[in-house]
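Visitor: need a 3D model of the sequence below.
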Amino acid sequence: MQTPKLTAALALAALTPGCATDDDVASSDQRYSVVDRYDQEFGWDTPPCAVYLDTRTTDEEARVVEYVAELAGQRLALVYRLVAEEPLPMRAEVFDHDGQRLVGAAFDATDLTIDGSDGSRLEVRGFTGFESETQVSGSLTVRSSEAVALLGCALPVRPTLGAVPAFLHNRDGGRLPDEPDVGQGSEDRPPLVTWNGRTSILGGVLLLAACGNPWGWRCPCLAWSDPIAGEVPGWCPTAAP
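Guide: Here you go, the predicted structure:
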């Protein structure tokens, strides 16, 4: 398994106070990563989320992005990474301030698993499909409601936070040198992973946020459509073809 260059424990330990205002997001280039500093509260209606974000650190070479946030007084890190050689290549994990994983998920274009910190596991087959096509098994125990809430924020699909990392669009890329809030990708290169499903990788991120919870898997009717995540219907009252 590929080991990401960024770790939740490292980001939390190295975090220092910033100077961003409500109208600005500060970006700084490092040798292997780009750090966006927010230091402000954000809120969205779908899926519902209210969170204080400190930073986002993106490493396109390692295909990992990490958000450091605060919820109900708890410092948490949310990490998304793409591990191409794994059967379920897309990963999303929430860590506490000590670097202990509180909840983790992995998925491909059709199937998904969510793991609790106690070894419990929820498996969802056909998670991007209609309700009648979705098969759910297992059970999940997550002791941190804040970790579940942070995972439910679907942070990568929020345009307010700046350019979406290129690897989440399933391609190589980075930031434009003179415009650090604008992403660039290599459209002529093959995708990083084979992804043949109803939704994109970012659509899967959105479904994980909207449908996953400690009590099982249940999707609202999202009827989501935008240039970032694409078409993500959720469980709308539409019969499967």
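
Visitor: quick one, helices of the protein?
Guide: Along the chain, counting by DSSP state H, helices occupy 8-14, 145-151, 201-211.

Visitor: so what secondary structure elements neighbour the last one?
Guide: Using 3 or more C-beta pairs under 8 Å, 6 or more residues apart in numbering; DSSP states H and E as the contact test, the elements touching helix 201-211 are strand 90-95, strand 101-107, strand 111-116, strand 221-226, strand 230-234. All C-beta atoms are positioned from the backbone trio N, CA, C, and that covers glycine.

Visitor: and among the helices of the chain, the most buried is which?
Guide: helix 201-211 (a mean of 24; mean count of other C-beta atoms under 10 Å).

Visitor: quick one: residues contacting residue 205.
Guide: Residues counted as contacts of residue 205 (C-beta atoms under 8 Å, 6 or more residues apart in numbering) are 80, 90, 92, 154, 156-157, 168, 229.

Visitor: JSON lines for those residues, including neighbour count?
Guide: Listed next are these as JSON lines, based on neighbours: other C-beta atoms under 10 Å:
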{"residue": "80", "neighbour count": "25"}
{"residue": "90", "neighbour count": "27"}
{"residue": "92", "neighbour count": "24"}
{"residue": "154", "neighbour count": "21"}
{"residue": "156", "neighbour count": "23"}
{"residue": "157", "neighbour count": "23"}
{"residue": "168", "neighbour count": "25"}
{"residue": "229", "neighbour count": "23"}
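
Visitor: show me which of the residues you listed is closest to residue 126.
Guide: residue 90 (15.9 Å; C-beta to C-beta).

Visitor: from residue 115, how far off is the closest residue to the closest one other than its chain neighbours?
Guide: In this structure, residue 90 finds its nearest non-sequential neighbour in residue 107, 5.3 Å apart by C-beta to C-beta, 6 or more residues apart in numbering. As judged by C-beta to C-beta, to the nearest Å, residue 107 and residue 115 stand 12 Å apart.

Visitor: circling back: and the helices and strands packed on helix 201-211: which comes nearest residue 145?
Guide: Nearest to residue 145, of the helices and strands packed on helix 201-211 and by C-beta to C-beta, is strand 101-107 at 10.1 Å.

Visitor: what is the mean pLDDT for the closest one?
Guide: Mean per-residue pLDDT for strand 101-107: 96.

Visitor: quick one: contacts of it?
Guide: Applying C-beta under 8 Å, 6+ apart, the set of residues contacting strand 101-107 is 76, 86, 88-96, 112-117, 127, 142-144, 147-148, 151, 204, 208, 212.

Visitor: didn't residue 197 look like it was pressed against residue 128?
Guide: Yes - between residue 197 and residue 128 there is a contact under C-beta atoms under 8 Å: 5.2 Å.

Visitor: pretty sure residue 230 contacts residue 206?
Guide: No - if you go by C-beta under 8 Å, residue 230 and residue 206 don't touch, sitting 9.3 Å apart.

Visitor: shared neighbours of these two, anything?
Guide: residue 199.

Visitor: now residue 124: how far from residue 110?
Guide: From residue 124 to residue 110 the distance is 9 Å (C-beta to C-beta).
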